[in-house]
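Trainee: Fold the stuff below for me.
(2 chains)
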Amino acid sequence: MAMIDEQTARYRTGTWTAVVTASGSALLHPSYAEEDVIALWQSMAGGSGIGEWLETLAGGGITGLADFALVQRAGSELRVLVRGGAVVIAGDQALRAEGMSTWREAVVSAAPSSVTILAGDDVSSADEHSFPLVGGVVRADALTWGALDETSGPSPALESQAASSDVATPVGGNPEPATDAPADRESGSEPGSDPEAAPEPGVPAEPEESEPAVADSSATYSSATDSSPADASAADAGPSEPGPVSEATMHPGIEPSPELPAESGIIDSLPWSVRSSQPSPPPAPFTAPGEASATASADDDVDEHTIKVPRRGGETGPAAPPAPAADGAWEGDHDGSTVLVSDVAAMRDATVTGAPGESAARSGEPATSQQPESVLLLSTGIRVPLDRPVLIGRAPESSRFAARVEPRLVTVPSPQQDISRTHVELRREGDHLLVTDLNSTNGTIVVLPGSAPRRLHAGEAVPVRAGTTVDLGDGVTGTIETPAP
Amino acid sequence: MQVAWGVGTDTGGRRAVNEDAVLATPPVFVVADGMGGHVHGELASRAVVTAFEELAGRCDPDREVLPEEIQAAIRTAQRTIRGAGEHDPQGRPVTAGSTVAGAVLTVHESQPFWLVFNVGDSRIYRLSEGELAQVSVDHSVVQEMVDAGALGPEDARRHPQRNVITRAVDTGPDVDADFWRLRAGSRDRLLLCSDGLTDELGDAEIGAVLREVDSAQDAVDRLIAAAITGGARDNVSVIVVDTAGADVMATAPRPASEGDEGDVADTVPRGERRTGGRGEARWP
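Mentor: Below is the predicted model:
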């Protein structure tokens, strides 16, 4: 058994999952599946960068991502990612992601004497009932390493932070609501009432310099909820505290605010690209200046009911191959042919801030080069070019398309009404021509050359080729033809 | 095709100003929800409505309105908003922005269609055969959570971040709208609204009003009143448009003569406590 020294982690049993390796540690919300934990363990134990750790967790998208805290040792630095209610206390500074729609990122430039990861503010009573752990995966809600005498309780920073963010309200996506904050505030405002919470004299409350930003942004959200007092306080706080705000921390693509206090030792909000092609993402901003200025307004919206968060392309989810990855779009986990509807939406989002030319790469846009364009020859005698998405039905309508790629609507007769209004879609996706049954009442049958007829499942996209017959029912069929070059 | 519509916007119970703006100039119907604070929000929603008013002026019943023209109007609005060059007391450029939810009645492949579009979280619904369906998909953080299966639609209405939008007609980069192409059915009813309505009323309540109230303007008034009764923390803007064949008069009991302004544009200025307008037109 290893000696208990400063580098030996200690954990307190809980419901979250702690992962401890030589290169760093993580604490994950209980909702992470076993395979997620194992994947993270392998990534961490394999020596990869924190960007890859994150990708093992966030590969499926951002919005459903549960809380986590990741801490990597990199030389004398600590790299920290925090999402949701998790809290990382590095030395005398507490890092939390309250109010941020993605996660908080920070680099602690000088290794602090102790680091504690907590499942939330409500476990601030991390205490002596902890066990040593050299490495492994355990159920825990507190994890700490470093000088033992400094780490058994919440650091003063934690308390001062809680106090400084007292206008913050719980923000969505955070399963550990900050409604526990009042308790923290109480202990913070009554030093000595809780021996464990007593602030050390002389500890600078540096985080306050950057944290009002978080409080500010939370206040913005709270104004959007319901209470008029919050509304009023947000309105008051807004103009008078323009501060270096959290728009910088709401989003991984935002440039660090130049006003952030450099002397704090924590560089907040380094933009962190998550992409498989770049295992150890350099902390280089890739945000357009325009976007940065757009974000500057988020805290000006204090009194607003509707606010806008700036989005960068990659954030909304995995982008399908046609979307250029140059803007940092996720590209890790798609096979290149199947694109879910939600991914199409994500791709559209992905182009919001992109160069104008990018939109040409959206779903369904014809491949301008190579092969001659296929056509669908309908049994009604109509030839339908397949140069853009085609929707066929007895009264077709199109849903959620971008201006440049309006689908072609093809109406076919259906005296028996066997054919649904919008029955089937044909679209090109890269080199594939895909046929998708749009949840039609009576289904679609596809016959590939030399194959048995096959009934499509609703929503299933099937690649087809020249010679394939598509049967919509009511005697309406179509045959795909590719003109000879 | 006959079109009958009702329109209304209200500051709501808790806000000092109305930053929403609405436009009902056949064949163009638009709701815009400004943000950015006070004058900025007004400026932005106003810019949106003005741009679409110009589009409406160029519309010709025989010519199809293309998505590109909608997109161009949005660009125009963005240029206007950027051009205002507002700065805050610290000298930083102010970002004003607006949502837009719109519907343009236009011919498409020789048939009447609604070209529906949105940016942000103002919405378009359609009542068809008694069924209310939300047509547009919000550009919002919460919508992405719903898409990801992380949030149920009903939870979304109460989510603290429900008003955080991910696209806006604003001073930022050029924004793309999403489009829908809907058949202008003989008895269909479209609802355009700002989030001030949908924050207060669920789909069931909205659907009940749209089913029960024949007159488009009465439906608008009922919806706004219900939202205000429900608290109306935000500005509330509602447009209801009925398309119909020869029977449109039956569903619009108010004769056109009742309101002389009926056939002209209803661009409701902000700040008015309660405004409305109605009209009927033949389009194309």
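Trainee: only C-alpha atoms for contact and neighbour calcs from this point on.
Mentor: OK.
Trainee: now the strands for the stretch 51-200 of chain B?
Mentor: With DSSP state E, counting those that start in this stretch as the criterion, the stretch 51-200 of chain B has strands at B:97-98, B:100-108, B:111-119, B:123-128, B:131-134, B:164-165, B:169-170, B:178-183, B:189-193.
Trainee: Which strands and helices lie in contact with the fourth one?
Mentor: Contact analysis of strand B:123-128 by 3 or more Cα pairs under 8 Å, 6 or more residues apart in numbering or on different chains; DSSP states H and E lists strand B:100-108, strand B:131-134, strand B:189-193, helix B:203-212 as its packing neighbours.
Trainee: and the ones you listed as a markdown table, adding mean neighbour count?
Mentor: Listed next are these as a markdown table, based on neighbours: other Cα atoms under 10 Å in any protein chain shown:
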| stretch | mean neighbour count |
| --- | --- |
| strand B:100-108 | 26 |
| strand B:131-134 | 16 |
| strand B:189-193 | 29 |
| helix B:203-212 | 16 |
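Trainee: Would you format those as CSV with mean pLDDT and distance to chain A included?
Mentor: Supplementary listing: those in CSV, determined by pLDDT from 0 to 100; distance: least, Cα to the nearest Cα, whole Å:
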stretch, mean pLDDT, distance to chain A
strand B:100-108, 95, 9
strand B:131-134, 96, 12
strand B:189-193, 97, 14
helix B:203-212, 96, 19
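Trainee: Quick one: closest of the ones you listed to residue A:460.
Mentor: Nearest to residue A:460 among the helices and strands packed on strand B:123-128 is strand B:131-134 (23.3 Å), distances taken as Cα to Cα.
Trainee: got the strands of the stretch 51-200 of chain B as a markdown table, with distance to residue A:440 columns?
Mentor: What follows is the strands of the stretch 51-200 of chain B, written out as a markdown table (distance: least, Cα to Cα, whole Å):
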| stretch | distance to residue A:440 |
| --- | --- |
| strand B:97-98 | 37 |
| strand B:100-108 | 23 |
| strand B:111-119 | 22 |
| strand B:123-128 | 18 |
| strand B:131-134 | 18 |
| strand B:164-165 | 33 |
| strand B:169-170 | 36 |
| strand B:178-183 | 17 |
| strand B:189-193 | 24 |
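Trainee: List just the one of these that sits closest to residue B:19.
Mentor: Per Cα to Cα, nearest to residue B:19 of these: strand B:97-98, 9.0 Å.
Trainee: neighbouring strands for that closest one, and are they parallel or not?
Mentor: Paired neighbours of strand B:97-98 in the sheet (DSSP bridges): strand B:28-35 (antiparallel), strand B:169-170 (antiparallel).
Trainee: Can you pull the residues of the stretch 151-284 of chain B lying near chain A?
Mentor: B:158-168, B:171-183, B:233-234 (Cα under 8 Å from any Cα of the partner chain).
Trainee: If we use 10 Å, what do you get?
Mentor: Contact residues, the stretch 151-284 of chain B versus chain A (Cα under 10 Å from any Cα of the partner chain): B:151, B:156, B:158-168, B:170-183, B:195-196, B:199, B:231-235.
Trainee: Apply the buried test to those and list what passes.
Mentor: Neighbour-count burial (16 or more other Cα atoms under 10 Å in any protein chain shown) applied to these gives B:151, B:156, B:159-168, B:170-183, B:195-196, B:199, B:231-235.
Trainee: ranking the strands paired with strand B:97-98 by mean pLDDT, which is last?
Mentor: Lowest mean pLDDT of the strands paired with strand B:97-98: strand B:169-170, a mean of 92.
Trainee: Show me which positions of stretch A:40-47 end up buried.
Mentor: A:40, A:41, A:43, A:44, A:45.
Trainee: what's the answer for stretch A:397-414, then?
Mentor: So, applying 16+ other Cα under 10 Å, buried residues of stretch A:397-414: A:397-412, A:414.
Trainee: Model confidence score at residue 154, please.
Mentor: No chain specified, so I'll use chain A. pLDDT at residue A:154 comes out at 41.
Trainee: nope, chain B please
Mentor: Reading off the model, residue B:154 has pLDDT 78.
Trainee: swap in residue A:336?
Mentor: Value for residue A:336, per-residue pLDDT: 27.
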